[in-house]
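> Turn this into a structure:
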Amino acid sequence: MPLHQISLTVNGRRATGQVEPAKLLLDFLREDLGLTGTKEGCGTGDCGACTVHVDGKAMHSCLTLGVEADGAQVTTVEGLASAGSLTPIQAAIVEYGGTQCGFCIPGIVMMATAFLRDHPHPSEDELRMGIAGNLCRCTGYDKIVKGLFAVIEGRELILTRAGSLTEIPLPPEPEGE
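Numbers count the residues shown, from 1 in each chain. Sure thing, here's the model as predicted:
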(Lines give C-alpha, C1' and ligand atoms only; values in the text may rest on other atoms or scores of the structure.)
Protein backbone atom coordinates (compact mmCIF):
# COMPACT_ATOMS: atom_id res chain seq x y z
CA MET A 1 0.00 0.00 0.00
CA PRO A 2 1.50 3.36 -0.96
CA LEU A 3 2.33 5.84 1.78
CA HIS A 4 1.10 9.42 1.71
CA GLN A 5 3.12 12.38 2.90
CA ILE A 6 1.13 14.58 5.27
CA SER A 7 2.07 17.90 6.79
CA LEU A 8 0.02 19.56 9.49
CA THR A 9 0.45 21.89 12.42
CA VAL A 10 0.01 20.14 15.76
CA ASN A 11 -0.06 22.27 18.90
CA GLY A 12 1.59 25.12 17.02
CA ARG A 13 4.44 23.04 15.57
CA ARG A 14 4.82 21.67 12.07
CA ALA A 15 4.51 17.87 11.92
CA THR A 16 5.08 15.71 8.88
CA GLY A 17 4.93 12.02 8.25
CA GLN A 18 4.46 9.19 5.81
CA VAL A 19 1.16 7.47 6.54
CA GLU A 20 -0.86 4.65 5.08
CA PRO A 21 -4.14 5.91 3.60
CA ALA A 22 -6.17 4.19 6.35
CA LYS A 23 -4.06 5.43 9.29
CA LEU A 24 -6.21 7.35 11.73
CA LEU A 25 -5.32 10.79 13.00
CA LEU A 26 -5.52 9.28 16.50
CA ASP A 27 -2.79 6.78 15.65
CA PHE A 28 -0.62 9.40 13.93
CA LEU A 29 -0.80 11.61 17.03
CA ARG A 30 -0.10 8.80 19.49
CA GLU A 31 2.32 6.58 17.56
CA ASP A 32 4.19 8.98 15.30
CA LEU A 33 4.18 12.12 17.45
CA GLY A 34 4.05 10.57 20.93
CA LEU A 35 1.05 12.68 21.99
CA THR A 36 -0.67 10.15 24.23
CA GLY A 37 -3.13 12.51 25.93
CA THR A 38 -5.57 11.69 23.13
CA LYS A 39 -7.10 8.33 24.07
CA GLU A 40 -8.76 5.53 22.16
CA GLY A 41 -11.78 4.31 24.06
CA CYS A 42 -14.13 2.84 21.50
CA GLY A 43 -12.76 3.34 18.00
CA THR A 44 -16.25 4.20 16.76
CA GLY A 45 -16.68 7.86 17.77
CA ASP A 46 -19.09 7.03 20.57
CA CYS A 47 -17.04 7.82 23.70
CA GLY A 48 -15.27 11.10 22.91
CA ALA A 49 -11.96 10.10 24.52
CA CYS A 50 -10.19 10.82 21.22
CA THR A 51 -11.50 14.39 20.82
CA VAL A 52 -9.06 16.89 19.33
CA HIS A 53 -9.54 20.23 17.59
CA VAL A 54 -9.05 20.25 13.83
CA ASP A 55 -9.05 23.78 12.45
CA GLY A 56 -10.77 24.86 15.66
CA LYS A 57 -13.57 22.30 15.51
CA ALA A 58 -13.90 19.42 17.98
CA MET A 59 -13.46 16.16 16.08
CA HIS A 60 -13.17 12.48 16.92
CA SER A 61 -9.64 11.54 15.89
CA CYS A 62 -10.63 7.85 15.82
CA LEU A 63 -12.91 8.66 12.87
CA THR A 64 -10.55 11.06 11.08
CA LEU A 65 -7.93 9.75 8.70
CA GLY A 66 -4.46 11.21 8.95
CA VAL A 67 -4.62 12.16 5.26
CA GLU A 68 -7.82 14.14 5.96
CA ALA A 69 -5.86 16.28 8.43
CA ASP A 70 -3.17 17.12 5.86
CA GLY A 71 -2.68 20.89 5.96
CA ALA A 72 -4.85 21.31 9.07
CA GLN A 73 -4.22 22.98 12.41
CA VAL A 74 -4.64 20.29 15.08
CA THR A 75 -4.72 20.90 18.81
CA THR A 76 -4.49 18.08 21.32
CA VAL A 77 -4.92 18.31 25.08
CA GLU A 78 -1.14 18.72 25.36
CA GLY A 79 -1.37 21.91 23.31
CA LEU A 80 -4.02 23.74 25.34
CA ALA A 81 -1.71 25.18 28.00
CA SER A 82 1.96 25.98 28.25
CA ALA A 83 4.23 23.41 29.90
CA GLY A 84 3.61 23.00 33.59
CA SER A 85 0.32 24.89 33.64
CA LEU A 86 -3.35 24.09 33.30
CA THR A 87 -6.09 25.89 31.44
CA PRO A 88 -8.96 27.20 33.59
CA ILE A 89 -11.10 24.27 32.39
CA GLN A 90 -8.44 21.72 33.33
CA ALA A 91 -7.85 23.38 36.71
CA ALA A 92 -11.57 23.50 37.48
CA ILE A 93 -12.11 19.83 36.69
CA VAL A 94 -9.22 18.93 39.00
CA GLU A 95 -10.34 21.31 41.75
CA TYR A 96 -13.91 20.01 41.75
CA GLY A 97 -12.84 16.36 41.83
CA GLY A 98 -13.99 15.50 38.33
CA THR A 99 -11.00 13.38 37.37
CA GLN A 100 -11.44 9.98 39.07
CA CYS A 101 -9.59 7.51 36.79
CA GLY A 102 -8.84 10.33 34.32
CA PHE A 103 -9.09 8.33 31.09
CA CYS A 104 -11.94 10.40 29.62
CA ILE A 105 -10.79 13.78 30.90
CA PRO A 106 -8.59 14.84 27.95
CA GLY A 107 -11.52 14.32 25.57
CA ILE A 108 -13.94 16.10 27.90
CA VAL A 109 -11.51 19.01 28.25
CA MET A 110 -11.21 19.28 24.47
CA MET A 111 -14.98 19.13 23.93
CA ALA A 112 -15.72 21.57 26.77
CA THR A 113 -13.08 23.99 25.47
CA ALA A 114 -14.67 24.04 22.01
CA PHE A 115 -18.22 24.13 23.38
CA LEU A 116 -17.58 26.99 25.82
CA ARG A 117 -15.74 28.97 23.15
CA ASP A 118 -18.90 28.84 21.02
CA HIS A 119 -21.42 28.98 23.92
CA PRO A 120 -19.83 31.05 26.72
CA HIS A 121 -22.93 31.21 28.94
CA PRO A 122 -24.88 27.95 28.59
CA SER A 123 -27.56 26.68 30.91
CA GLU A 124 -26.77 23.50 32.82
CA ASP A 125 -28.85 21.47 30.35
CA GLU A 126 -27.03 23.04 27.40
CA LEU A 127 -23.65 22.34 29.00
CA ARG A 128 -24.57 18.73 29.70
CA MET A 129 -25.72 18.33 26.09
CA GLY A 130 -22.51 19.98 24.91
CA ILE A 131 -20.38 17.30 26.55
CA ALA A 132 -22.88 14.45 26.13
CA GLY A 133 -20.75 12.85 23.43
CA ASN A 134 -18.02 12.21 25.98
CA LEU A 135 -18.55 9.18 28.17
CA CYS A 136 -17.32 9.09 31.75
CA ARG A 137 -18.04 5.93 33.68
CA CYS A 138 -16.49 7.10 36.96
CA THR A 139 -17.76 10.55 37.89
CA GLY A 140 -21.41 10.77 36.94
CA TYR A 141 -20.55 14.19 35.41
CA ASP A 142 -21.75 16.31 38.36
CA LYS A 143 -18.26 17.28 39.53
CA ILE A 144 -17.16 17.95 35.96
CA VAL A 145 -20.20 20.16 35.37
CA LYS A 146 -19.64 22.03 38.66
CA GLY A 147 -16.05 22.67 37.64
CA LEU A 148 -17.09 23.90 34.22
CA PHE A 149 -19.63 26.24 35.79
CA ALA A 150 -16.87 27.67 37.99
CA VAL A 151 -15.11 28.64 34.76
CA ILE A 152 -18.32 29.98 33.21
CA GLU A 153 -18.97 32.10 36.29
CA GLY A 154 -15.48 33.53 36.07
CA ARG A 155 -14.03 32.05 39.23
CA GLU A 156 -10.28 32.11 38.95
CA LEU A 157 -8.43 28.91 39.68
CA ILE A 158 -4.72 29.13 40.38
CA LEU A 159 -2.03 26.58 41.06
CA THR A 160 -0.45 27.45 44.40
CA ARG A 161 3.23 27.08 45.19
CA ALA A 162 2.42 23.97 47.20
CA GLY A 163 1.06 22.42 44.01
CA SER A 164 -2.59 22.42 45.01
CA LEU A 165 -5.33 24.27 43.24
CA THR A 166 -7.04 27.12 45.01
CA GLU A 167 -10.18 28.86 43.89
CA ILE A 168 -10.34 32.63 44.24
CA PRO A 169 -12.80 33.80 45.43
CA LEU A 170 -14.26 30.75 47.09
CA PRO A 171 -18.02 31.29 47.42
CA PRO A 172 -19.74 29.76 50.43
CA GLU A 173 -21.47 26.45 49.81
CA PRO A 174 -25.25 26.76 49.95
CA GLU A 175 -26.76 24.98 52.91
CA GLY A 176 -28.45 21.68 52.22
CA GLU A 177 -26.00 20.30 49.60
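> just for the chain, where's the confidence low?
Along the chain, segments meeting pLDDT under 70 span 155-177.
> which stretch of helix or strand covers the nearest residue to residue 88 once chain neighbours are set aside?
Sequence neighbours aside, residue 151 is the residue nearest to residue 88 in space, at 4.8 Å (criterion: CB to CB, 6 or more residues apart in numbering). Heads up, the C-betas are built off the backbone N, CA and C, glycines and all. If you go by DSSP states H and E, residue 151 is part of helix 142-152.
> so where do the strands sit in this protein?
In the chain, the strands defined using DSSP state E lie at 4-10, 13-19, 51-54, 57-60, 73-75, 156-159, 165-168.
> out of the ones you listed, deepest packed?
Comparing the strands of the chain by mean neighbour count (mean count of other CB atoms under 10 Å), strand 51-54 comes out on top with a mean of 25.
> who does it touch, helix- and strand-wise?
Using 3 or more CB pairs under 8 Å, 6 or more residues apart in numbering; DSSP states H and E, the elements in contact with strand 51-54 are strand 57-60, strand 73-75, helix 105-118.
> got the ones you listed as JSON lines, with distance to residue 27 columns?
Listed next are the helices and strands packed on strand 51-54 as JSON lines, based on distance: least, CB to CB, whole Å:
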{"stretch": "strand 57-60", "distance to residue 27": "13"}
{"stretch": "strand 73-75", "distance to residue 27": "13"}
{"stretch": "helix 105-118", "distance to residue 27": "16"}
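> Which residue, neighbours along the chain excluded, lies closest to the residue nearest to the spatial centre of the chain?
Closest residue to the average C-alpha location of the chain: residue 110 at 2.3 Å, with CA atoms, centre = their mean. Closest residue to residue 110 apart from its sequence neighbours, by CB to CB, 6+ apart: residue 51 at 4.2 Å.
> Residue 146 now?
The shortest distance from residue 146 to any residue other than its chain neighbours is 4.8 Å, reached at residue 96 (CB to CB, 6+ apart).
> Show me how the record splits this structure into domains.
Listed domain ranges for the chain are 4-79, 88-168 (source: automatic domain parsing).
> Quick one: end-to-end distance for stretch 40-50.
Using CA to CA, to the nearest Å, the end-to-end distance of stretch 40-50 comes to 6 Å.
> how about it: buried residues?
By neighbour count with 16 or more other CB atoms under 10 Å, stretch 40-50 contains the buried residues 41, 45, 47, 48, 49, 50.
> who's in contact with that stretch?
Residues from elsewhere that reach stretch 40-50 (CB atoms under 8 Å, 6 or more residues apart in numbering): 26, 30, 38-39, 60-63, 103-104, 106-108, 111, 131, 133-135.
> Drop anything exposed from the residues you listed.
Buried, going by 16+ other CB under 10 Å: 26, 30, 38-39, 60-62, 103-104, 106-108, 111, 131, 133-135, out of those.
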